[in-house]
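*Asks:* attaching a predicted model along with its sequence, questions to come.
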Amino acid sequence: MSSNVVLQVENLHTSFFTRAGEVKAVDGVSFYVREGETFGIVGESGCGKSVTGLSILRLLPEPSGQIVAGKIILEGKNLLELSKKHMRAYRGKMISMILQDPMTSLNPVFTIGDQVGESVRMHQDLPENMVEAEVIDALRLLRIPAPEMRINEYPFQLSGGMKQRVVGAIAMSCRPRLLIADEPTTALDATIQAQYIALFEDIQEKTNVAIIFITHDFGVVARICDRVGVMYAGKIVETALTRDIFKNPKHPYTIALIKSVPQLDRKDDQLFSIEGQPPSMLNLPPGCRFCPRCTVALDICKEQEPPEVKISENRSVSCWRVK
Amino acid sequence: MFSTISTTKTKTKKQYRGVTRTARIIQGFAFWVPLIVMVVMIIMALFANWIAPHDPNQGKILDRLLPPSFMEGGKSDYLLGTDLIGRDVLSRIIYGARISLSVSLLIILVTGGIGTILGILAGYAGGRTDAIIMRIVDVALSFPGLLLAMLLAVAIGPGFKTVVLALSILGWAGYARMIRGEAMRIAQSDFVAQARVNGASGWRIMIRHIFPNIINSLIVLMTLQVGMIILAEAALSYLGFGISVPTASWGSMVADGRANLDNAWWIAAFPGACIGLVVLSGNFLGDWIRDKLDPRLRQL
């Protein structure tokens, strides 16, 4: 099973060293992604999902952000042991990332062809006359109509959805092994969002790329992810196949999250919400991090952090109630 | 009936052009006139020895303080009159273009270049690099330029080199400060983050992503500097630390003519007009270049 694992993150700890103290943004996260698989990371704002993505690329804001411990293994190579120059060669070529806002992710003064081409030129030693073919190929992969014409256009001439596709084309231009998508659909409207997600599935089918999909939207998760990790306060509290997480969530936080997704067939007057606030990352509770908001907390939850329990092949939960 | 239809048609056609005919002609003037002025000035500077009717530094004392030829008492030989010691004002303006234009061009390139490089570096790298560069900028901006020019003049003697050195040595600081601000703003933008994610190095980001987004402000600043530098050169020359005495520069000519403004206004007025023309043309051309560089304003 693990033979075609593209990325394995083991016990990743990422901290920000601020004046107020150490902020453990990511505190012992482990997961893996297989070839052609989409792994979703879900959680509310500030739970560390974006930091996890940036840690994989080693692009934390320096000098405050640092990877304190752990391993990030991409196809047998620990990325944390690479030199800076080596790591740069990995970015864009082996691992790509799509950032949140398509409106501003493109340089306004260069044409689309220039910008997709830049990535191609940077990572592939191609003669100049082949770069354009490669660029058109990448645009076509993202189903951008009339790519031969688009390459001469500037970002301001494209719609938001089209810009996001160009950003995707840049990310896919070197056929990376791993694609990290950090809430790529948040800034798009619902129709475009659906199209874009269908596009991801299509790209994955064609290129067999492994995708880490960072989102806070369970609707998106249901559509695209094969497996999901639910993150809370810097930890993954539950990992499961997407279908299992909806049918049978185990961790109280996951249960609460799924309950708070609005559903058309449920006639509730008021939408369910989780009481309280996530804990301050500077001052974490000693026991389970969800304990102060948990409705089914036990005495032990206040004192000791629950261990991660593997309950089946694809499933693990960190909760004292789950044995 | 038919005539009504045809007039409506022409009206619609006109409306769809977007800009009216007059507006387009004016826009055209705003580009062609300054361009022609600049080209004429540059040709004057390049071919001064063929164009100038007289020796700029050799005056005929008998012909001193002659008014321009179109005025009463003017000689047709001296189109723009003569100065205190009988030198032809026109010839001095033509030769002066050489000094004034080359001084400002050189200084703008040197200060703009150094200021841009350091500004981008400070704005992008931040932290200690930024702090060090910006403290140097603070010192440079607070240092009196005239004093430095005097020191330089004492050390290496007055002249062309002294002017360039004196105005460049501090002049880059203004560019650096403005470019740093721009670079900081652009370094925060998503496309820089995206470039980093795609594996671009720091140098690549500075050259490919930050610099092209700064060019607009840089050009505007540079064109505004043309006037400042010509004036600064004039001040230095006036005090005797700039271009040495017989050589003409527009600035020194204005300074020379200042004493005789009441009885021989042409000595100062014509070189002054040249300064004004070049500065204005520079600004107009700067605007035009900025519009052309901005893809949003470029005609499709």
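*Replies:* Alright, I've got the coordinates. Numbering: from 1, shown residues only, chains lettered A, B, ... in the order given.
*Asks:* quick one: residues contacting B:G174.
*Replies:* Contacts of B:G174 were listed using Cβ atoms under 8 Å, 6 or more residues apart in numbering or on different chains, and they are B:111, B:115, B:141, B:221. Just so you know, the C-beta spots here come from the backbone N, C-alpha and C atoms, and that holds for glycine as well.
*Asks:* for it, give me the pLDDT.
*Replies:* pLDDT, the model's per-residue confidence, is 90 for B:G174.
*Asks:* quick one: which helix or strand includes it?
*Replies:* Taking DSSP states H and E as the criterion, the element that holds B:G174 is helix B:160-187.
*Asks:* what's the burial count for the residue nearest to A:S96 when sequence neighbours are not counted?
*Replies:* Using Cβ to Cβ, 6 or more residues apart in numbering or on different chains and skipping residues adjacent in sequence, the residue nearest A:S96 is A:A171, 3.7 Å away. The burial count assigned to A:A171 is 28, neighbours taken as other Cβ atoms under 10 Å in any protein chain shown.
*Asks:* hmm, what's the outermost residue in chain A?
*Replies:* Among the C-alpha atoms of chain A, the one farthest from their average position, using Cα atoms, centre = their mean, is that of A:N129, at 34.7 Å.
*Asks:* which bits of the stretch 1-150 of chain B sit near chain A?
*Replies:* Where proximity means Cβ under 8 Å from any Cβ of the partner chain, the interface of the stretch 1-150 of chain B facing chain A comprises B:G127.
*Asks:* for the stretch 1-150 of chain B, which residue gets nearest to chain A?
*Replies:* When Cβ to the nearest Cβ is the measure, the stretch 1-150 of chain B has its nearest residue to chain A at B:G127, with 7.8 Å between them.
*Asks:* so what's the residue nearest to the spatial centre of chain A up against?
*Replies:* Compute the mean C-alpha point of chain A, and by Cα atoms, centre = their mean the closest residue is A:I214, 2.9 Å away. For A:I214, the set of contacting residues under the criterion of Cβ under 8 Å, 6+ apart consists of A:40-41, A:49-50, A:52-53, A:180-183.
*Asks:* A:L99: which of these is nearest?
*Replies:* Distance ranking of the contacts of A:I214 against A:L99, using Cβ to Cβ, places A:D182 first at 5.8 Å.
*Asks:* which SSE is the closest residue to the closest one other than its chain neighbours in?
*Replies:* Nearest residue to A:D182, sequence neighbours excluded (Cβ to Cβ, 6+ apart): A:I214, at 4.7 Å. Counting by DSSP H and E, the element that carries A:I214 is strand A:210-215.
*Asks:* which of the contacts of B:G174 fall in helices?
*Replies:* Among these, the members falling in helices (DSSP state H) are B:111, B:115, B:141, B:221.
*Asks:* ok, of those residues, which come out buried?
*Replies:* When neighbours are counted using 16 or more other Cβ atoms under 10 Å in any protein chain shown, those contain these buried positions: B:111, B:115, B:221.
*Asks:* turn these into a markdown table, columns for distance to A:A187.
*Replies:* Rendered in a markdown table, the data for those read as follows (distance: Cβ to Cβ, whole Å):
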| residue | distance to A:A187 |
| --- | --- |
| B:T111 | 41 |
| B:G115 | 36 |
| B:L221 | 34 |
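*Asks:* nearest to A:C294, of these?
*Replies:* Proximity of these to A:C294 (Cβ to Cβ) peaks at B:G115, which lies at 58.3 Å.
*Asks:* do I have it right that that closest one meets B:W172?
*Replies:* Yes: counting by Cβ atoms under 8 Å, B:G115 does reach B:W172; the two are 4.0 Å apart.
*Asks:* and the closest residue to A:M103 other than its chain neighbours, how many neighbours does it have?
*Replies:* By the measure of Cβ to Cβ, 6+ apart, the closest residue to A:M103 outside its immediate chain neighbours is A:G160, 6.0 Å from it. Using other Cβ under 10 Å, A:G160 has 14 other residues around it.
*Asks:* hang on, isn't A:G160 packed against A:A187?
*Replies:* Yes: using Cβ under 8 Å, A:G160 is in contact with A:A187, at 6.8 Å.
*Asks:* need the residues touching each of the two.
*Replies:* With contacts taken as Cβ under 8 Å, 6+ apart, A:G160 and A:A187 have A:102-103 as neighbours in common.
*Asks:* which one is A:K250 nearest to, not counting chain neighbours?
*Replies:* In space, A:K250 comes closest to A:V317 once its chain neighbours are excluded; the distance is 4.6 Å by Cβ to Cβ, 6+ apart.
*Asks:* B:I42 now?
*Replies:* For B:I42, ignoring the flanking residues on the chain, the nearest one in space by Cβ to Cβ, 6+ apart is B:L101 at 6.8 Å.
*Asks:* wait, is the one you found part of a helix?
*Replies:* Yes: for B:L101, which was evaluated using DSSP: H, G, I helix; E, B strand; the rest coil, the result is membership in a helix.
*Asks:* who's in contact with it?
*Replies:* Residues in contact with B:L101, defined by Cβ under 8 Å, 6+ apart, are B:41-42, B:45, B:278.
*Asks:* could you redo the last one with a cut-off of 10 Å?
*Replies:* If a contact means Cβ atoms under 10 Å, 6 or more residues apart in numbering or on different chains, then B:L101 has B:38, B:41-42, B:44-46, B:226, B:230, B:249-250, B:278 as its contacts.
*Asks:* just A:D137 next, same as before
*Replies:* With contacts taken as Cβ under 10 Å, 6+ apart, A:D137 has the following neighbours: A:116, A:120, A:147, A:169, A:172-173, A:175.
*Asks:* give me the low-pLDDT residue ranges for chain B?
*Replies:* In the prediction, chain B carries residues with pLDDT under 70 at positions B:1-19, B:245, B:293-300.
*Asks:* find the centremost residue of it, please.
*Replies:* B:V226 (2.0 Å).
*Asks:* tell me the SS of the nearest residue to that residue once chain neighbours are set aside?
*Replies:* Residue nearest to B:V226 in three dimensions, not counting chain neighbours: B:G282, with 4.2 Å by Cβ to Cβ, 6+ apart. In terms of secondary structure, B:G282 is helix; the call rests on three-state DSSP.
*Asks:* if I look at B:G282, how far off is chain A?
*Replies:* As for B:G282, its distance to chain A is 23 Å (criterion: Cβ to the nearest Cβ, to the nearest Å).
*Asks:* for that residue, give me its contacts.
*Replies:* If a contact means Cβ under 10 Å, 6+ apart, then B:G282 has B:34, B:37-38, B:104, B:108, B:222-227, B:230 as its contacts.
*Asks:* the residue nearest to A:S96 and A:I72, how far apart?
*Replies:* Between A:A171 and A:I72 the distance, using Cβ to Cβ, to the nearest Å, works out to 19 Å.
*Asks:* in a strand, A:I72, correct?
*Replies:* Yes: the secondary structure assignment for A:I72 places it in a strand, going by three-state DSSP.
*Asks:* that one: neighbouring residues, count only.
*Replies:* When counting by other Cβ under 10 Å, one arrives at 22 neighbours for A:I72.
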